[in-house]
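J.: coordinates for the following, if possible.
(chains A, B, C and D)
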There are 2 protein chains.
Amino acid sequence: MQRRKNQNAELRKPEILEGYYHVLIDEGLEGASISKIANHLDIHPSLILHYFKSKDNLKQSLIGLMVSKFKSRHLLKFDHIEDLDKRFEALIDMLFSYEWSRTVDPGVHFGFYYQSFRDDNIASIFREMFRWLRDHICEALVEFHANGIIQIKDPIKIADYIVTLMEGLEFHAHFLGHGDPFETFAETAKQSVYTLVKYKLPRE
Amino acid sequence: MQRRKNQNAELRKPEILEGYYHVLIDEGLEGASISKIANHLDIHPSLILHYFKSKDNLKQSLIGLMVSKFKSRHLLKFDHIEDLDKRFEALIDMLFSYEWSRTVDPGVHFGFYYQSFRDDNIASIFREMFRWLRDHICEALVEFHANGIIQIKDPIKIADYIVTLMEGLEFHAHFLGHGDPFETFAETAKQSVYTLVKYKLPRE
DNA sequence: CAGCAATTATTGAACGGTCGGTGAATAACT
DNA sequence: AGTTATTCACCGACCGTTCAATAATTGCTG
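T.: From the prediction side, this is the model:
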C-alpha cells in the first residue's frame, strides 16, 4: 500500500469536485453519497467534509464551478471571422451544435435543473446563467441587425427563443431522437431561427 | 382516536399514488421516502409496501399513472370545431397553453425526466409517450395540410419541432420568465410555428 | 540550518437518524 | 373460516456529520 501524498486545498478541492461530477454521472443525485465519492477518489470520506463543510456546500460548489466554466467558454467568440454572414452562421451553428450541448453532461445538468425547483439559491444561479447567455446572444443580434445581416423587431424575444430552442434540442435528443444524429433536428431548429430573423442562407 | 376504516386495494392504491405525488412536489425525489408518504396519508409505512412491493415499483406505478392520464386527456380533441382554421388555432393554442403545461406539476415531471437518464425503463416509457404525442400532432398536421389550411413538407419534422418547443416553454417559464405571464413567450412560440407551416392568422 | 511549534492533510472510530424492506401479529371485512 | 387490510417491532445498510488521533508539511526562531 503506497502512502498517499499530501496535497493542499488548491489541488484537492477541484479534484473532489471532479470526482463528485463523475459519481453524479454514474449514480445520479440520489446515489452520489459522500462515501461513494470518497471511494471513487480512493480517499477517506471525512476528507471531503474537511474541505467542504457539508454535502450541500459541496453541491453548491460544483454548481458554481460548472456555471463559471460555462460562462468562461470561449466558444461564443467569433470576432475573428471577418465576414459577418459567416460570423452569424458560426454563432448559430455553435449554439445548436453537439459540442456546445455537451459542455456539461446532460444528465448532470438536468439533475441540477431539477434541484432548482426546490432550492431557490440554485434556481437563481441558473436563472442568472441563462439570462447571461440570453443577453450575450441579444447583444450579438443587435449588432448583426445594425449591420443589415438580419432583421428583427424585438431582440430579447428572439434571444429568448434561441436559448429556449437550444435547450429544447437536448430534450429532443433524449426523448425524440430516432437514432438520427443530433444534427438532423438541429438543422430544423436553425432553419426556424433563420426564418425568424429573415436571414437568407447564401447557398454556395 | 378514531379507528381507521379498511379500504380495498382499488381505493388505496390510487390514494397512495396521489399521496406520493404530493410528497414529491414538496420534498422532491430524494426526499419522498416511504415513511414521509405514510405520514402524509396518516397510515403505516408498511401498508405502502403491502400494496406496492417495493419503492421502485411505487415509482414506476406513479409514472405509469401519469403517462396514462396524459394520453387519455381529451384536451387535444377538437373535432367539434367546424371551421378548420379555428380548429387548427385551437390545437396550437392548447399545446402552448398554461393549462396544458400544468397537467402535471412541472417539478415532478422534471424529476422523472431526470430519472430517465439512468433508468432505461422510465426512459422508454417517456420516449413512447412523447412519440405518441408527436404522432398525434403529425396526423393532425397531415389532415390540415390536405385541407389546405397549412403547407408543410415534412410533417414529422414539424411535429417534432412543435413538441420540442412545447417542452422548451416549460424551461423558459422556469429560467427565463421575467415575471411576464406564461402567455407572452407562448405567443412567440406560436408565431414561429405559424410561420413554419405558412399559416396566415386571419386577424379579426 | 536545526529544531520545534503551528498548521494542515488525512485517517479513524463512532453518532443518531433515516432509509427500504421483512415477517409476524392483529383487526376488519366477506 | 378465510382473506385482506392494517399495524407493529425489528433489521441491516447507509446516510451526513462530528470529533479526536495521526501523519506530513510549513514556518518560525534561535
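J.: low-confidence regions, chain A specifically.
T.: A:1-5, A:203-204 (pLDDT under 70).
J.: let's see that with 80 instead.
T.: A:1-10, A:73-74, A:201-204 (pLDDT under 80).
J.: DNA strand C contacts on that one?
T.: A:4-9, A:12, A:43-47, A:50 (CB under 7 Å from any atom of the strand). Using the backbone N, CA and C atoms, a C-beta is placed for each residue, glycine as well.
J.: return the member of the residues you listed nearest to residue B:195.
T.: Nearest to residue B:195 out of those is residue A:12 (CB to CB; 53.3 Å).
J.: skipping its backbone neighbours, what lies nearest that closest one in space?
T.: Nearest residue to residue A:12, sequence neighbours excluded (CB to CB, 6 or more residues apart in numbering or on different chains): residue A:51, at 5.8 Å.
J.: next, count neighbours for the one you found.
T.: 15 (other CB atoms under 10 Å in any protein chain shown).
J.: now the one 5 residues further on
T.: Residue A:56: 11 surrounding residues under other CB under 10 Å.
J.: and the host helix or strand of it with chain B, contact?
T.: Here residue A:56, judged by DSSP states H and E, is contained in helix A:55-72. No. Counting by CB under 8 Å from any CB of the partner chain, chain B has no neighbours in helix A:55-72; the shortest distance is 11.1 Å.
J.: can you give me the helices for chain A?
T.: For chain A, the helices defined by DSSP state H cover A:9-31, A:34-41, A:45-51, A:55-72, A:84-95, A:98-101, A:106-115, A:120-146, A:155-175, A:182-196.
J.: most tightly surrounded among those helices?
T.: Most buried of the helices of chain A by mean neighbour count (mean count of other CB atoms under 10 Å in any protein chain shown) is helix A:155-175; its value is a mean of 22.
J.: what's the angle from that one to helix B:106-115?
T.: 50 degrees (axes from the mean of the first three to the mean of the last three CA atoms, to 10 degrees).
J.: roughly how far out does helix A:155-175 sit from the chain middle?
T.: 12 Å (CA atoms, centre = their mean, to the nearest Å).
J.: wouldn't residue A:105 be in contact with residue A:22 here?
T.: No. Residue A:105 lies out of contact with residue A:22 (CB atoms under 8 Å); the separation is 9.1 Å.
J.: could you measure from residue A:43 over to residue A:18?
T.: Residue A:43 is 13 Å from residue A:18, where distance means CB to CB, to the nearest Å.
J.: need the residues of chain A near DNA strand D, please.
T.: Residues of chain A lying near DNA strand D (CB under 7 Å from any atom of the strand): A:3, A:5-6, A:31, A:33-36, A:45-46, A:49, A:53-56.
J.: just those now: which is nearest residue B:85?
T.: Taking CB to CB as the measure, residue B:85 lies nearest residue A:31 of the residues of chain A next to DNA strand D, at 51.4 Å.
J.: the nearest residue to the closest one once chain neighbours are set aside: what's it in contact with?
T.: Excluding the flanking residues, the one nearest residue A:31 by CB to CB, 6+ apart is residue A:23, at 7.7 Å. Going by CB atoms under 8 Å, 6 or more residues apart in numbering or on different chains, residue A:23 touches A:31-32, A:36-37, A:40.
J.: picking up where we left off before, and which of the residues of chain A next to DNA strand D is nearest chain B?
T.: Set against chain B, the nearest of the residues of chain A next to DNA strand D by CB to the nearest CB is residue A:31 (8.2 Å).
J.: what's the distance between the closest one and residue A:24?
T.: Noted for residue A:31: a distance of 9 Å to residue A:24, by CB to CB.
J.: same question, residue A:56
T.: Distance from residue A:56 to residue A:24, by CB to CB: 15 Å.
J.: which positions in chain A make contact with chain B?
T.: For chain A, the residues in contact with chain B (CB under 8 Å from any CB) are A:27-30, A:106-107, A:110-111, A:113-118, A:123, A:126-127, A:130-131, A:134, A:157, A:160-161, A:163-165, A:167-169, A:171-172, A:174-176, A:185, A:188-189, A:192, A:195-196.
J.: now with 6 Å?
T.: Chain A comes close to chain B at residues A:28, A:30, A:107, A:110-111, A:114, A:117-118, A:126-127, A:130, A:157, A:160-161, A:164, A:167-168, A:171-172, A:175-176, A:188, A:192, A:195-196, as judged by CB under 6 Å from any CB of the partner chain.
J.: can you give me the end-to-end distance of stretch A:51-58?
T.: Stretch A:51-58 has an end-to-end distance of 9 Å (criterion: CA to CA, to the nearest Å).
J.: for it, what is the distance to the chain centroid?
T.: 23 Å.
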